[in-house]
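**Q** Next one to model:
(one chain, ligands or ions: 2)
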Amino acid sequence: MAARYTLKVLTEFASAHTLREYPGACARMHGHNWKVETEVDAGALDDVGMGVDFKVIKDAARRIGERLDHRYLNEVEPFTEVNPTAENIAAYFYRELAAELNNDRIHVRSVTLWETDRACVRYTEDH
Ligand SMILES: Nc1nc2c(c(=O)[nH]1)N=C([C@H](O)[C@H](O)COP(=O)(O)OP(=O)(O)OP(=O)(O)O)CN2
Ligand SMILES: [Zn+2]
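**A** Ligands and ions are numbered 1, 2, ... in the order given. Next up is the predicted model:
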């Protein structure tokens, strides 16, 4: 049986957004304290006994979050064109993280974006 370690790191950012074409109050500008759960799969451990250092995942997720932190998302690429829904923000994190972290040994499994304490979306792509 093949081993698989799934690591998870939580980061946060705060920003405002407006949902375009939304039939409700979220079409007005409002803000969230977003929580980002990044899951990374490792099929083997390194010499230290880690899939990958949590710090590597955390730093990458924070760098991406900093682009959005304390911003109005509708004015930040790609959300000038792409509606800044939780789904689209999760996909953005996933793709940016995968481009930075994926290698022969590890790959980003999913990004779960919590918009409120009660609602989140989990984004992944098939391999
Ligand atoms: N599938 C999605 N649904 C909704 C999204 C989204 O991104 N994807 N986003 C929103 C809004 O951004 C909104 O801010 C969330 O509002 P709401 O669900 O009303 O959250 P509250 O906690 O403020 O709701 P209460 O009514 O106070 O429970 C909406 N839907
Ligand atoms: Zn919102």
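**Q** what's the distance between the residue most central in space within the chain and ligand 1?
**A** Among the residues of the chain, the one closest to the centroid is residue 93, at 3.6 Å (C-alpha atoms, centre = their mean). As judged by C-beta to the nearest ligand atom, to the nearest Å, residue 93 and ligand 1 stand 14 Å apart. For glycine as for every other residue, the C-beta is placed from the backbone atoms N, C-alpha and C.
**Q** Tell me the buried residues in the helix or strand encompassing that residue?
**A** Element membership of residue 93, judged by DSSP states H and E, is helix 86-101. For helix 86-101, burial by neighbour count (16 or more other C-beta atoms under 10 Å) applies to 86, 88-94, 96-97, 100-101.
**Q** residues from the chain in reach of ligand 1?
**A** Counting by C-beta under 6 Å from any ligand atom, the chain comes close to ligand 1 at 19, 26, 30, 85-87, 115-116, 119.
**Q** Show me the two of the residues you listed that sit farthest apart.
**A** 30 and 87 (17.3 Å; C-beta to C-beta).
**Q** circling back: if I look at the residue nearest to the centre of the chain, what pLDDT would I see?
**A** For residue 93, the model assigns a pLDDT of 99.
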